[in-house]
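K.L.:
would you be able to build a 3D model of this:
(2 chains)
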Number of protein chains: 2
Amino acid sequence: MAEYSSILLEKAVDELAKLPGIGKKTALRLALHLLGEEKMVTDSLSQSLLNMRNNIVLCKKCYNISDSEHCSICSNPKRDNELLCVVADMRDVMAIERTGSFNGVYHVLGGVIDPINGISPNDLRIKELVDRSINEDIREIILALPATIEGDTTNYYIFKMLQHFQGQITAIAKGIAVGDALEFADEVTLGRSIANRMPFNR
Amino acid sequence: MAEYSSILLEKAVDELAKLPGIGKKTALRLALHLLGEEKMVTDSLSQSLLNMRNNIVLCKKCYNISDSEHCSICSNPKRDNELLCVVADMRDVMAIERTGSFNGVYHVLGGVIDPINGISPNDLRIKELVDRSINEDIREIILALPATIEGDTTNYYIFKMLQHFQGQITAIAKGIAVGDALEFADEVTLGRSIANRMPFNR
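P.N.:
I've put the predicted structure just below:
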């Protein structure tokens, strides 16, 4: 209190410093920035955070974050509903959307199977995926989970749960990143990219 | 909108990204963090920012930020009201308070004279300082402005404006930082610290 000379400022700094990656010094800089700007700036920041937190829901179909019952991807008639991409997290939806090379729909699991951190299949939306594979008219399910042991475990678990599924099940390609030199790729990645070599398109 | 699948999220990210030093990626991370926490966390963050911005005022005496008409320093009877420290910014008050080695009161100018950036003496609270030097019972005025050309200019201007002042006018010592090796100090600082050498206290 002596340091800040204002309890209101101290409280704001404390709250900002609770955000990940924001320390006390950064929090103070942000608070003083807001004090130097018009009141409108703080109003509009606070309102947008409250609006987001209080009104965002999960899409009832794909469990991506959404402003309404069905998200903008699921309710877009131009998207291919028969092509379903399974991802761990809503951040992965954003990453794939940014590529602009996918026109299907998504299923967000909410994580991957991770026994060490206590995440079992029941904590994920795998049952919901199985339901969709039965009730919806799906041609192909693409598994786009992280290229980690947990991701691979989850891929395998889902594959087993989808044994009834008549369509195709695929997984995203693992290999060396576009633009990377071979000498800098790790052995496992390079090994995989040789094992999974593809016919050369001339 | 396609990228975020939620306009509410996009708006929150945009607002967060207006803060200094916060880019779009960090803003997204902060927004998703808030989405993953209890609603209470966002409520309390937003409320503290609004409370701060709408209720903080400037102390009518020293122009430091304050929760009431007179700040906690000016209204503290244990502080030495006859010892006045002139600083450029409220951040400097905090910095000096953290040292725990000053028990006087402050006068916050609101900047330093900086013609290049269009800050003239009239934009600062120099007239208010002169008024205080006349109306209050002050023993010593300490000039604690930045050790820059602008700070020195402002020191000199204030010194001229305080010619009527009967008390002592001092400036904070400039020299090599405590803990610093001489070889790493810049020439101007080292030169000053030799010119301003002091009797050795045994």
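
K.L.:
show me where chain A has its strands.
P.N.:
Using DSSP state E, the strands of chain A run over residues A:57-58, A:65-66, A:83-87, A:105-108, A:140-143, A:168-171.

K.L.:
save the ones you listed as TSV, and put in mean pLDDT too.
P.N.:
Formatted as TSV, the strands of chain A follow (pLDDT from 0 to 100):
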stretch	mean pLDDT
strand A:57-58	92
strand A:65-66	92
strand A:83-87	95
strand A:105-108	96
strand A:140-143	93
strand A:168-171	90
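
K.L.:
tell me the most buried of those?
P.N.:
Most buried of those, by mean neighbour count (mean count of other Cβ atoms under 10 Å in any protein chain shown): strand A:105-108, with a mean of 25. Placement of C-beta: from N, CA and C, glycine included.

K.L.:
that strand pairs with which strands, and in what direction?
P.N.:
When pairing is defined by DSSP bridges, strand A:105-108 lines up against strand A:83-87 (parallel).

K.L.:
all helices of chain A, in order?
P.N.:
Counting by DSSP state H, chain A has helices at residues A:7-16, A:24-36, A:39-55, A:90-99, A:126-135, A:149-161, A:187-195.

K.L.:
go through these and name the closest to residue B:69.
P.N.:
helix A:7-16 (14.2 Å; Cβ to Cβ).

K.L.:
what's the closest of the helices of chain A to residue A:81?
P.N.:
Each of the helices of chain A has some distance to residue A:81 by Cβ to Cβ; the shortest is helix A:126-135, at 10.4 Å.

K.L.:
quick one: buried residues of the closest one?
P.N.:
Neighbour counts over helix A:126-135 (16 or more other Cβ atoms under 10 Å in any protein chain shown) mark A:126, A:128-129, A:132-133 as buried.

K.L.:
packing partners of it?
P.N.:
When contacts are defined as 3 or more Cβ pairs under 8 Å, 6 or more residues apart in numbering or on different chains; DSSP states H and E, helix A:126-135 sits against strand A:83-87, strand A:105-108, helix A:149-161.

K.L.:
any chance of these in CSV, with distance to residue B:145 too?
P.N.:
Putting these into CSV (distance: least, Cβ to Cβ, whole Å) gives the following:
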stretch, distance to residue B:145
strand A:83-87, 55
strand A:105-108, 55
helix A:149-161, 57
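
K.L.:
before we move on, the earlier item: looking at the helices of chain A, which is nearest to residue B:137?
P.N.:
In terms of Cβ to Cβ, the element of the helices of chain A nearest to residue B:137 is helix A:7-16, at 29.4 Å.

K.L.:
name the residues that touch the lowest-mean-pLDDT helix or strand in chain A?
P.N.:
Using mean pLDDT, DSSP states H and E, the weakest-scoring helix or strand in chain A turns out to be helix A:187-195, at a mean of 80. Residues from elsewhere that reach helix A:187-195 (Cβ atoms under 8 Å, 6 or more residues apart in numbering or on different chains): A:174-176, A:182, A:185.
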